[in-house]
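Chemist: Here is the input, now give the coordinates:
(chains A and B)
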Amino acid sequence: QVQLVESGGGLVKPGGSLRLSCAASGFIFSDYYMSWIRQAPGMGLEWISRISSRDTNIYYADSVKGRFTISRDNAKNSLYLQMNSLRAEDTAVYYCAREGGGGWAETDYWGQGTLVTVSS
Amino acid sequence: DIQMTQSPSSLSASVGDRVTITCRASQSINSYLNWYQQKPGKAPKLLIYAASSLQSGVPSRFSGSGSGTDFTLTIRSLQPEDFATYYCQQSYSTPPRTFGQGTKVEIK
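Modeler: All right, here's what the predicted structure looks like:
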């Protein structure tokens, strides 16, 4: 079965960096677009980044552009999010998510999330 | 950017009720509209994709309709496990893949 397991979250000071990882299993990872989506405490969902199956196309939300970098290693079935210049407003649960391959680009599987807290 | 507006932001309903949630896009998104259910402390779960296609394993009491800018999620007969927050999301254009602000369905 499809599994997405995030890791790397934690407490970091403003201006600091953190790298999130997502280990994928149960499907052919290199066939699928992947995304990172976050949710601040008590708030709604915010899409932040998307990467194509062969990482030729990468997209970011304006709120993280220039600070966050999405990447993937298809040989390791892993997705990453490098987060630099972190701010208090980046505090959130970060979800790794798979985009369905049927052409409608729905997010069909989500990880359990990893909490990132930016605080001094 | 395409804006997604859900209504209502919250509602109270009883078990067995028919519940309708609407989502409006700021421009046409054809049928690139998805619905998710999220329970407290859990990851969202895909319910409906392509505006009206039921995700595998999702009960048939959930249905979606609409195209263009106006969409609806209907729960035919609300069950205790359906009390949750529901989000719409457009997958027509990137970036960003905008979500609606959510609709919290509470027990009356």
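
Chemist: Look up how far chain B lies from the residue positioned nearest the centre of chain A.
Modeler: Closest residue to the average C-alpha location of chain A: A:W36 at 2.7 Å, with Cα atoms, centre = their mean. Per Cβ to the nearest Cβ, to the nearest Å, A:W36 is found 11 Å from chain B. Quick note: C-beta positions are derived from backbone N, CA and C, even for glycine.

Chemist: try A:S30
Modeler: Here A:S30 is placed at a distance of 20 Å from chain B (Cβ to the nearest Cβ).

Chemist: neighbours around the residue lying closest to that residue once chain neighbours are set aside, how many?
Modeler: Distances taken as Cβ to Cβ, 6 or more residues apart in numbering or on different chains place A:N74 nearest to A:S30, at 3.9 Å, with adjacent residues excluded. Neighbour count for A:N74, taken as other Cβ atoms under 10 Å in any protein chain shown: 16.

Chemist: Phi, psi for the most centrally placed residue in chain B please.
Modeler: Geometric centre of chain B, nearest residue: B:W35, 3.7 Å, by Cα atoms, centre = their mean. Dihedral angles of B:W35 (phi, psi; degrees, to the nearest 10) stand at phi -120, psi 140.

Chemist: Which residues does it form beta bridges with?
Modeler: Under DSSP bridges, the beta-bridge partners of B:W35 are B:I48, B:C88.

Chemist: which ones are touching it?
Modeler: Residues in contact with B:W35 (Cβ atoms under 8 Å, 6 or more residues apart in numbering or on different chains) are B:23, B:46-49, B:62, B:64, B:73, B:86-89.

Chemist: from these, which is closest to chain A?
Modeler: Of all those, chain A sits closest to B:Y49, with 3.6 Å by Cβ to the nearest Cβ.

Chemist: any chance you could map the strands in chain A?
Modeler: All strands of chain A, identified by DSSP state E, fall at A:3-7, A:10-12, A:18-25, A:34-39, A:45-51, A:58-60, A:68-73, A:78-83, A:92-99, A:107-110, A:114-118.

Chemist: Check chain B too.
Modeler: With DSSP E as the criterion, chain B has strands spanning B:4-7, B:10-13, B:19-25, B:33-38, B:45-49, B:53-54, B:62-67, B:70-75, B:85-90, B:103-107.

Chemist: Would you mind giving these as TSV with mean pLDDT and distance to A:T114 added?
Modeler: Shown next, in TSV, are the strands of chain B (pLDDT from 0 to 100; distance: least, Cβ to Cβ, whole Å):
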stretch	mean pLDDT	distance to A:T114
strand B:4-7	97	25
strand B:10-13	96	28
strand B:19-25	98	28
strand B:33-38	98	16
strand B:45-49	98	18
strand B:53-54	97	30
strand B:62-67	98	29
strand B:70-75	98	28
strand B:85-90	98	20
strand B:103-107	95	24
